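Trainee: Kindly return the folded structure for what I paste below:
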Amino acid sequence: MRSGRGWVSGFIGVVIFSGSLPATRLGVAGFSPLFLTSARAVIAALLGVACLALLRQRRPERQDLIPLAIVSLGVVIGFPLLTALALQHITAARSIVFIGLLPLGTAVFGVLRGGERPRPAFWLFSLLGSGTVAGFALVQSEAGSLAGDLLMLGAILLCGLGYAEGATLSRKLGGWQVISWALLLSLPLMAGLAMWQWPASFGGIGLPAWLGLAYVSVFSMLVGFVFWYRGLALGGIAGVGQLQLLQPFLGLLLAGLILGEPIAWTMIAATGLVVLSVAGAKRFA
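Mentor: This is a model prediction of the structure:
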């Protein structure tokens, strides 16, 4: 029952994260990538701090500060910033090649930092799912660049570490508390970056860009992590982490529905194979 609740919570988190791609595309139509990255962290941090204060949450203990700093470095600063920089060199389609490696990276850090020990068959299904996502993205993408690929690889490593560290800490502090404290730690840096990238004028920024900023700030940066960290803590980092394999396809589906982008039959076929991989990983996690 506990594991089942974790998988449901993790899936809700993935669905919320899946809206990040189309929301980011809306956002960068009006804001620079660096401003969008920093502004969403600042807005989410202010909301998280308000929740911590209103609900009178106790402060983390001294030994929790390093894990919280790792979470902040991985999911608040590192992943959004490095992906924003990478997308200046490579296409969004190519970035999915690396997103497909994130569940595998999360599972590895779940073993190293969370002390988990999935069965050997789990790794076979994890590799199958990651290979499916990466293969699909390679077929769809254009040639990459060394700088963009290295930035995406760094983003995936930091994000996987942040996911595993946050999930482990969530068992002690709670899911929404972990991301809220991590956001607070990053607030000075991200606020400074937002001021540096402050737009010269907001007059020409349309409503879609504002809606995109609102979504990635409230849902992608805060609400999604509430469900995600709870799911990882309850269902297991390695197993629930495989749900991330669905994120690129859910994101492309939402992009088709919201932005009118085409949905290819290859995406549907790849999604089916990924669902089978996730089911197999769940059984052997």
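Trainee: Now name the helix or strand holding Gly135.
Mentor: Gly135 belongs to helix 120-140 when assigned by DSSP states H and E.
Trainee: Show me what the longest helix anywhere in the chain is packed up against.
Mentor: Scanning the chain for the helix with the most residues, using DSSP state H, yields helix 146-173. With contacts taken as 3 or more Cβ pairs under 8 Å, 6 or more residues apart in numbering; DSSP states H and E, helix 146-173 sits against helix 65-71, helix 79-86, helix 92-99, helix 102-114, helix 175-196, helix 224-235, helix 237-241. (C-beta placed from N, C-alpha, C; glycine too.)
Trainee: starting at the chain centroid, how far to the helix holding Gly135?
Mentor: Here helix 120-140 is found 18 Å from its chain centre; the criterion is Cα atoms, centre = their mean, to the nearest Å.
Trainee: Just list what it packs against, helices and strands only.
Mentor: With contacts taken as 3+ Cβ pairs under 8 Å, 6+ apart, helix 120-140 sits against helix 92-99, helix 102-114, helix 237-241, helix 247-259, helix 265-284.
Trainee: Any stretches of the stretch 101-250 of the chain with poor pLDDT?
Mentor: 114, 116, 137-138, 140-144 (pLDDT under 70).
Trainee: hmm, try it at 90
Mentor: Scanning the stretch 101-250 of the chain for pLDDT under 90 picks out 101-157, 159-176, 199-204, 225-226, 228-250.
Trainee: any idea how far Leu173 is from Ser38?
Mentor: Ser38 sits 25 Å away from Leu173, going by Cβ to Cβ, to the nearest Å.
Trainee: quick one, which of those two is more surrounded?
Mentor: Comparing Ser38 with Leu173 by other Cβ atoms under 10 Å, the one with more neighbours is Ser38, at 27 against 22.
Trainee: Mind listing what's buried along stretch 161-180?
Mentor: Across stretch 161-180, burial judged by 16 or more other Cβ atoms under 10 Å covers 161-170, 173-180.
Trainee: Name the residues that touch it?
Mentor: With contact meaning Cβ atoms under 8 Å, 6 or more residues apart in numbering, stretch 161-180 is reached by 45, 48-49, 51-52, 57, 60, 64, 67-68, 70-76, 78-79, 105-106, 109-110, 112-114, 181-182, 222, 225-230, 232-233, 237, 241.
Trainee: hmm, which of those are the buried ones?
Mentor: Buried subset of the contacts of stretch 161-180 (neighbour count, 16+ other Cβ under 10 Å): 45, 48, 52, 60, 67-68, 70-76, 78-79, 105-106, 109-110, 113-114, 181-182, 222, 225-230, 232-233, 237, 241.
Trainee: rewinding a little: which one, of the helices and strands packed on helix 146-173, ends up nearest to Ala155?
Mentor: Ranking the helices and strands packed on helix 146-173 by proximity to Ala155 (Cβ to Cβ) places helix 79-86 first, at 3.7 Å.
Trainee: tell me the mean pLDDT for that closest one?
Mentor: The average pLDDT for helix 79-86 rounds to 83.
Trainee: Check stretch 59-71 too.
Mentor: On average, the pLDDT along stretch 59-71 is 91.
Trainee: contacts for stretch 69-87?
Mentor: By Cβ under 8 Å, 6+ apart, stretch 69-87 touches 33-34, 36-37, 40-41, 95, 147-149, 151-152, 154-156, 158-163, 165-166, 169, 178-179, 182-183, 185-186, 189-190, 221, 225.
Trainee: Only whichever of those residues are buried, select them in PyMOL.
Mentor: In PyMOL, the members of the contacts of stretch 69-87 classed as buried (16+ other Cβ under 10 Å) are selected with the following command:
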select buried, resi 33+34+36+37+40+41+95+148+149+151+152+154+155+156+158+159+160+161+162+163+165+166+169+178+179+182+183+185+186+189+190+221+225
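Trainee: Leu101 is in contact with Ala155, correct?
Mentor: No: using Cβ atoms under 8 Å, Ala155 is not in contact with Leu101, being 10.3 Å away.
Trainee: Measure how buried Leu127 is and give me the count.
Mentor: 13.
Trainee: In contact with it: list those residues for me.
Mentor: Contacts of Leu127 (Cβ under 8 Å, 6+ apart): Leu104.
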